[in-house]
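Chemist: Fold the stuff below for me.
(4 chains)
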Protein chains: 4
Amino acid sequence: MSVLVAFSVAPSGGGSESVGEIVAEAVRVVRESGLPHETNAMFTNIEGEWDEVMAVVKAACEAVAARAPRVSLVLKADIRPGAEGALTAKVETVERHLRG
Amino acid sequence: MSVLVAFSVAPSGGGSESVGEIVAEAVRVVRESGLPHETNAMFTNIEGEWDEVMAVVKAACEAVAARAPRVSLVLKADIRPGAEGALTAKVETVERHLRG
Amino acid sequence: MSVLVAFSVAPSGGGSESVGEIVAEAVRVVRESGLPHETNAMFTNIEGEWDEVMAVVKAACEAVAARAPRVSLVLKADIRPGAEGALTAKVETVERHLRG
Amino acid sequence: MSVLVAFSVAPSGGGSESVGEIVAEAVRVVRESGLPHETNAMFTNIEGEWDEVMAVVKAACEAVAARAPRVSLVLKADIRPGAEGALTAKVETVERHLRG
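Modeler: The predicted structure is shown next:
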């Protein structure tokens, strides 16, 4: 199954380090994965086969869990066979419709 | 990593079968998993170790993907070491605070 | 617009009070709203017209924001005209399909 | 309450039009709002006061509901007093930590 995943992982319930510093650890894991990805203000988008994407999400959660007692993950996935390139194609489709 | 996961999987973009019938396939997968679970009007909650819970979520997505061209997954996870029993404990904690 | 909403509101980035105690404040707001609702381990489900449901969600966020410097809200909504009773009807539909 | 919201609205349960065309209607509503926003492959991010942001989210849902019998909304919000500029500041903070 090909998936385009948006996920956000963060400490919940607090701690002494800045959230930004811990979240950066999760983003580092994504960047080192080699999969197509994009980080925006609310989510990191990542694209690939289910197993490889979910391995990256798990590693990102583990990176946060190593520095926080409790971790919250929010994830949204679009699952479509053979939807390679969806990370950029979906925005282009919307833009094309908006140009009319 | 112990996780308490709420997930919702459904066809997106339409098809000829009723959504309820397809969603029931996903719930069936959860029930046959043997993991603690609860289905409500919006999400199915399931509890266990990351790998076993995510295997069930994947199988539920595959069950829907077998009957729909495009599938949408929404997932929220609370990750906490040794949080066994969170499926019922979290509601009890809130109720205790409300009783005051 | 009739909506069935699942939402979760919690402090993010920490603080001195227990999360359960603060989350209970949000649940209290929902219970006092008079709208059909149900709280489970991960989300509170609530049903009604868009404006009345979103007023409750806002009040629940304000109750948490009064006790935490930073608040995280996750919300999923099913929007359907005239879908009154969806809070219980959706689970019944799935159960009916599972009984076969 | 200042909020940074990521939301995704789409038809659920199908119809005859392309999803991209309908989603473009929702994005058009956001662009005409005048609020800071950014659309990526999975979510549209928008920033402002709770009431003005939620008015835009409602109008976007109404635009989709006008062309689809059933609509699904997924929304994540960060609520923080005086967090103006969070749409760009959050990514910069993560980048700064990654540069070390």
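Chemist: partner residues bridging the residue lying closest to A:P81 once chain neighbours are set aside?
Modeler: For A:P81, ignoring the flanking residues on the chain, the nearest one in space by Cβ to Cβ, 6 or more residues apart in numbering or on different chains is A:S2 at 6.1 Å. For the C-beta atoms, the positions are set from N, CA and C on the backbone; glycine is no exception. Note on A:S2: beta-bridge partners A:E49, judged by DSSP bridges.
Chemist: and what of the one 4 residues further on?
Modeler: On the basis of DSSP bridges, A:A6 is bridged to A:N45, A:K76.
Chemist: How much space separates it from A:L87?
Modeler: Per Cβ to Cβ, to the nearest Å, A:A6 is found 10 Å from A:L87.
Chemist: Between those two, which is the more surrounded one?
Modeler: The neighbour comparison of A:A6 against A:L87 (other Cβ atoms under 10 Å in any protein chain shown) goes to A:A6, with 24 against 20.
Chemist: pretty sure the more buried one is in contact with A:K76, am I right?
Modeler: Yes - applying Cβ atoms under 8 Å, one finds A:A6 in contact with A:K76, separated by 4.9 Å.
Chemist: Now list whatever residues contact both of these two.
Modeler: In terms of Cβ atoms under 8 Å, 6 or more residues apart in numbering or on different chains, A:A6 and A:K76 are both contacted by the residues A:F43, D:M42, D:F43.
Chemist: now those residues as TSV including distance to chain C?
Modeler: Conversion of the shared contacts of A:A6 and A:K76 to TSV gives the following (distance: Cβ to the nearest Cβ, whole Å):
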residue	distance to chain C
A:F43	12
D:M42	14
D:F43	12
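Chemist: which parts of the worst-scoring helix or strand of chain A on mean pLDDT are buried?
Modeler: Confidence across the helices and strands of chain A bottoms out at helix A:86-99, with a mean of 86, counting by mean pLDDT, DSSP states H and E. For helix A:86-99, the neighbour count (16 or more other Cβ atoms under 10 Å in any protein chain shown) marks A:A86, A:L87, A:K90, A:V91, A:T93, A:V94, A:H97 as buried.
Chemist: Report whether it contacts chain B.
Modeler: No - figure legend: helix A:86-99 not in contact with chain B (Cβ under 8 Å from any Cβ of the partner chain); closest approach 10.7 Å.
Chemist: Could you list the contact residues of chain A toward chain B?
Modeler: Residues of chain A lying close to chain B (Cβ under 8 Å from any Cβ) are A:1, A:12, A:50, A:54, A:58, A:61-62, A:65, A:69-81.
Chemist: Narrow these to those in helices?
Modeler: Using DSSP state H, A:W50, A:M54, A:K58, A:C61, A:E62, A:A65 are the members of the residues of chain A next to chain B that sit in helices.
Chemist: which SSE is A:V56 in?
Modeler: Per DSSP states H and E, A:V56 falls inside helix A:50-65.
Chemist: Now that helix: buried residues?
Modeler: By neighbour count on 16+ other Cβ under 10 Å, the buried set for helix A:50-65 is A:50, A:53-58, A:60-65.
Chemist: Rounded mean pLDDT for stretch A:10-17, please.
Modeler: Average pLDDT, stretch A:10-17: 66.
Chemist: follow-up on the earlier one: quick one, what contacts the residue nearest to A:P81?
Modeler: When contacts are counted by Cβ under 8 Å, 6+ apart, A:S2 touches A:E47, A:G48, A:E49, A:W50, A:I79, A:R80, A:P81, A:G82, A:A83, A:E84, A:A86.
Chemist: Now do the host helix or strand of A:I22: which elements does it pack against?
Modeler: Assigned by DSSP H and E, A:I22 belongs to helix A:19-31. On a contact count with 3 or more Cβ pairs under 8 Å, 6 or more residues apart in numbering or on different chains; DSSP states H and E, helix A:19-31 meets strand A:2-11, strand A:37-39, strand A:44-49, helix A:50-65, helix D:86-99.
Chemist: what's next to the longest one, contact-wise?
Modeler: So the one you mean is helix A:50-65. Residues outside helix A:50-65 that contact it (Cβ under 8 Å, 6+ apart): A:1-3, A:5, A:7, A:9-11, A:22-23, A:25-30, A:33, A:35, A:44, A:46-47, A:71, A:73, A:75, A:79, B:1, B:50, B:54, B:58, B:61, B:77, B:79, B:81.
Chemist: now these: which count as buried?
Modeler: The neighbour-count test (16+ other Cβ under 10 Å) applied to the contacts of helix A:50-65 identifies A:1-3, A:5, A:7, A:9-11, A:22-23, A:25-30, A:33, A:35, A:44, A:46-47, A:71, A:73, A:75, A:79, B:1, B:50, B:54, B:58, B:61, B:77, B:79 as buried.
Chemist: and stretch A:69-77, C-alpha only, in CSV?
Modeler: Extracted in CSV, the C-alpha atoms of stretch A:69-77 (Å, rounded to 0.1, in the frame of the first residue of the first chain):
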residue,chain,number,x,y,z
PRO,A,69,7.6,10.7,29.7
ARG,A,70,4.5,10.8,27.5
VAL,A,71,4.1,11.3,23.8
SER,A,72,1.2,12.3,21.6
LEU,A,73,1.0,11.3,17.9
VAL,A,74,-1.6,12.6,15.4
LEU,A,75,-1.5,11.0,12.0
LYS,A,76,-3.6,11.3,8.8
ALA,A,77,-3.0,9.0,5.8
